[in-house]
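Novice: Okay, here's the prediction I keep looking at, along with the sequence it came from:
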Amino acid sequence: MSDETGSGRDSSGRFVRRAAEHVHDLHTPGDDGIHPVARILFGWTHRKGIANMIFWVMAVLSLVMISIDLVVHRHDSFAFAKATGFYGIWGFVSFSFAVLMGWPLGQLLRRGENYYGDAGGPPAGIDPDVQVEDVPAPTYPAEGDA
Amino acid sequence: MPPMLASLNPGWLLILAGVASLFITARQVRQAVTIAVPMIGLALLVTATPNVDLASADILGLKLVLYRVDGLNFVFSLAFLIAALLNAIYALHTDDRIQDGMALAYGGAAVSATLGGDLMTLFVFWELTAVTSVFMILRAQTRASYQAAMRYLGVQVLSGVLLLTGIAYVLNSRGTLALEAFTDLRDPGVLFIFFAFGIKAAFPLLHNWLQDAYPKATVVGSVVLSAFTTKLAIYALARMFPGQHYLIWIGAIMTVFPVFYAVIENDLRKVLSYSINNQMGFMVCGVGLGTPLAINGVVAHAFADIFFKGLLMMSMGAVLYRTGTVKASELGGLHRSMPWTTLFCIIGAMSISAFPLFSAFVTKSMIISEAAAGGYAIIFLMLMFASAGVLEHSGIKIPYYAFFGHDSGIRVKEAPFNMLLAMGLAAFLSMWVGLPAIVPGIGHQWLYSLLPYREEALGYSHHHLFTLDHILTQMQLLVLAIFAFVLLKRVHFYPPEKRGVILDTDWLYRKLGFGLASWAGTVWGKAGPAMTAAFGRMTDRAYAWIEAAFSPRGELARGGLTGAMAVWTAALLGVVLLLSFAAAG
């Protein structure tokens, strides 16, 4: 099965590495647990400075999107929506507002995981290989367990 | 087709096969049934003659239409049947007779309800969806899921009871059970039905059964649940309440408020449950607008939502299956070990966020553009806000926190092949429906040609859909919103994911209502014996007193008061005196 010569052929010139093996390799994670397909599809996300690059790409794209508005004459039902970059600005403001409201709302509404006494674990039927971590023991005060 | 088959409602077939599956112990045979039957159902539906009563019955002088296909219910039942098929594929790695059978019967009940032609048939299958779906939650077999399932069943049955009450009123006033749209919401029967639909459609303040129950279901269960009940409610609203202007506001509020909850929620399946609420809001709003194009938008968006929401639920189910958790605070970096799941999740995320070339772009836009055309500026702004919001929670948060972000160090196997296949098919549908019609009739035009108002839909496709205006405005919204995300992340203004539960309206009955009931129980537990004891003491004393006076051993018998006669004479004299004073006065 293994490729001894590095050329994919054995000493008599026959191919020993078949397509099925390639496929098998493509679906067998290495020792580090990383799936080979992940390297192909998402390897680029591991590059150094990628967060910076994404930030600047999005910044430039945003500028481009708004500046297209300067040359394109849009038709719209509402006068306010015809303003340059209206949709972009509304999207930016809406998104930021929704996210920033997470701070006060989290303070106001978040309680401990066992607040209702039913923190429990995962449902039945998950992968038997999973090691279920310790979860707070459910409490059932109503049933007089305590 | 033989007449027997032509009058066989595909939903009934699914229900029968689902019940039969409960007794099929051989796993392969049962799974073959759960896959083959939705396919047969699809064949039956596609070949059914439209706008004819294909099966009907007369019961107690009422005409029940059991099977009728028309422009509105065709797309809903088509989507339900495809969803039942995908769910069956997604469940192939499990060996659970109850889950397999009930999931199939649940899909069948939803199909039967949409394909029924009268209110009573709708009611019967409305209830059946409740009874069958609760097993999706119960099969999780945790105490939390058991309690959630009981709450869920209570709410669902309440919806059914309201519906039946409303039907009784409506039958009395209208004299027919026909599915004709209501025009007057002041009729009490109509109001009952409105609230029955409102519960299942998860109107604001009636919504929380959904976020309570769905995230506690099994891996397969939450995928199954996300498809049917809520979309059935949308169908029912579109059938009975099109153009009711209250629905425009109810829908718009429904799109907005879940956004805030989804931002702070840690359980990613619960985030998706809020996302269901948010997407349903667009549909409810479209029903309220009621124009042909808006109704088209509702039907198309329901179709698209069943697959992209199903896809997102499937991807989170795969994560839960492999890692044992879907808490954002515990996950991250899973793209390293689950790249295919990641890819499919991203496709679902782009579909729900309405990127051009993905499904929601061609479906949701019909509703928003009708809101704009109707001059509803505030509604339009709310819907655009919600569109940015859905990008936040379903478009970015779900894939980012599960698969990217901080690496949790969790290394697991990729999802089982059957899960990947189901996700791949849902991803294909989500992209297929979003395709421009390079060749007429493919992509979105395939879906548009099935909609109830076909001409309007195709007109919209020709004149608005893939125009520069539409693509540009949508891309502006999305790109700038994504920029807001990267900016907020960069300056560390993005709230961290924290473990915890977020209070919602279920607090009212899980804490306040439950607390009041427990308090009343405690009070009664203490007050009851105290009152009994007090009553006992009073009667004891009275008895002792009476006995001391009147018994054969008592005071009077012993002549202690110069005989009983003297007492009675004195008493009578007193009464006579009182009466005469009263008469004189």
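Specialist: Yep, it's here.

Novice: Quick check: buried residues in the helix or strand hosting B:Ser351?
Specialist: Element membership of B:Ser351 [criterion: DSSP states H and E] is helix B:339-352. Using 16 or more other Cβ atoms under 10 Å in any protein chain shown as the test for burial, helix B:339-352 gives B:339-352. Quick note: C-beta positions are derived from backbone N, CA and C, even for glycine.

Novice: With distance to chain A and pLDDT as added columns, please give these in JSON lines.
Specialist: Converted to JSON lines, the buried residues of helix B:339-352 look like this (distance: Cβ to the nearest Cβ, whole Å; pLDDT from 0 to 100):
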{"residue": "B:Pro339", "distance to chain A": "4", "pLDDT": "96"}
{"residue": "B:Trp340", "distance to chain A": "7", "pLDDT": "96"}
{"residue": "B:Thr341", "distance to chain A": "10", "pLDDT": "97"}
{"residue": "B:Thr342", "distance to chain A": "7", "pLDDT": "97"}
{"residue": "B:Leu343", "distance to chain A": "6", "pLDDT": "97"}
{"residue": "B:Phe344", "distance to chain A": "11", "pLDDT": "97"}
{"residue": "B:Cys345", "distance to chain A": "12", "pLDDT": "97"}
{"residue": "B:Ile346", "distance to chain A": "9", "pLDDT": "97"}
{"residue": "B:Ile347", "distance to chain A": "12", "pLDDT": "97"}
{"residue": "B:Gly348", "distance to chain A": "16", "pLDDT": "97"}
{"residue": "B:Ala349", "distance to chain A": "14", "pLDDT": "97"}
{"residue": "B:Met350", "distance to chain A": "15", "pLDDT": "97"}
{"residue": "B:Ser351", "distance to chain A": "18", "pLDDT": "97"}
{"residue": "B:Ile352", "distance to chain A": "15", "pLDDT": "96"}
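
Novice: for those residues, which one is nearest B:Glu370?
Specialist: B:Ile352 (20.0 Å; Cβ to Cβ).

Novice: B:Glu392 is in contact with the closest one, correct?
Specialist: No - B:Ile352 lies out of contact with B:Glu392 (Cβ atoms under 8 Å); the separation is 11.2 Å.

Novice: Count the neighbours of residue 97 for me.
Specialist: This is for chain A. 15 (other Cβ atoms under 10 Å in any protein chain shown).

Novice: that answer is for a different chain, and I need it for chain B
Specialist: By the measure other Cβ under 10 Å, the count of residues near B:Arg97 is 15.

Novice: Next, the contact list for the closest residue to it other than its chain neighbours, please.
Specialist: Closest residue to B:Arg97 apart from its sequence neighbours, by Cβ to Cβ, 6 or more residues apart in numbering or on different chains: B:Leu22 at 5.6 Å. With contact taken as Cβ atoms under 8 Å, 6 or more residues apart in numbering or on different chains, B:Leu22 is in contact with B:Arg97, B:Ile98, B:Gly101, B:Met102.

Novice: Next, the contact list for A:Asn55, please.
Specialist: Just so we're on the same page, residue A:55 is Phe rather than Asn. By Cβ under 8 Å, 6+ apart, the contact list for A:Phe55 reads B:Val486, B:Leu487, B:Arg490.

Novice: How is chain A divided into domains?
Specialist: A:7-46, A:48-110 (automatic domain parsing).

Novice: shaky segments in the stretch 451-585 of chain B?
Specialist: Across the stretch 451-585 of chain B, the ranges flagged by pLDDT under 70 are B:559-563.

Novice: Quick check: residues of it near chain A?
Specialist: Taking Cβ under 8 Å from any Cβ of the partner chain as the criterion, the stretch 451-585 of chain B approaches chain A at residues B:468-469, B:472-490, B:493-495, B:498-504, B:510-511, B:514, B:518.

Novice: Report the buried members of those residues.
Specialist: The neighbour count (16+ other Cβ under 10 Å) marks B:472-489, B:494-495, B:500-504, B:510 as buried among those.

Novice: So which of those residues belong to helices?
Specialist: Members of those lying in helices (criterion: DSSP state H): B:472-489.

Novice: how about low-confidence regions in chain A?
Specialist: A:1-8, A:15-17, A:133-146.

Novice: Check it and tell me which residue is nearest its centre.
Specialist: Residue closest to the average C-alpha location in chain A (Cα atoms, centre = their mean): A:Phe42, at 10.5 Å.

Novice: okay, the domains of chain A, which one's buried deepest?
Specialist: domain A:48-110 (a mean of 16; mean count of other Cβ atoms under 10 Å in any protein chain shown).

Novice: Tell me how far that domain lies from the chain's centre.
Specialist: 20 Å (Cα atoms, centre = their mean, to the nearest Å).

Novice: Contact partners for B:Trp340?
Specialist: A:Val37, B:Glu414, B:Ala415, B:Leu420, B:Met423.

Novice: what's the answer for B:Lys364, then?
Specialist: Counted by Cβ under 8 Å, 6+ apart, B:Lys364 has contacts B:Phe282, B:Gly297, B:His301, B:Ala304, B:Ala354, B:Ser387.
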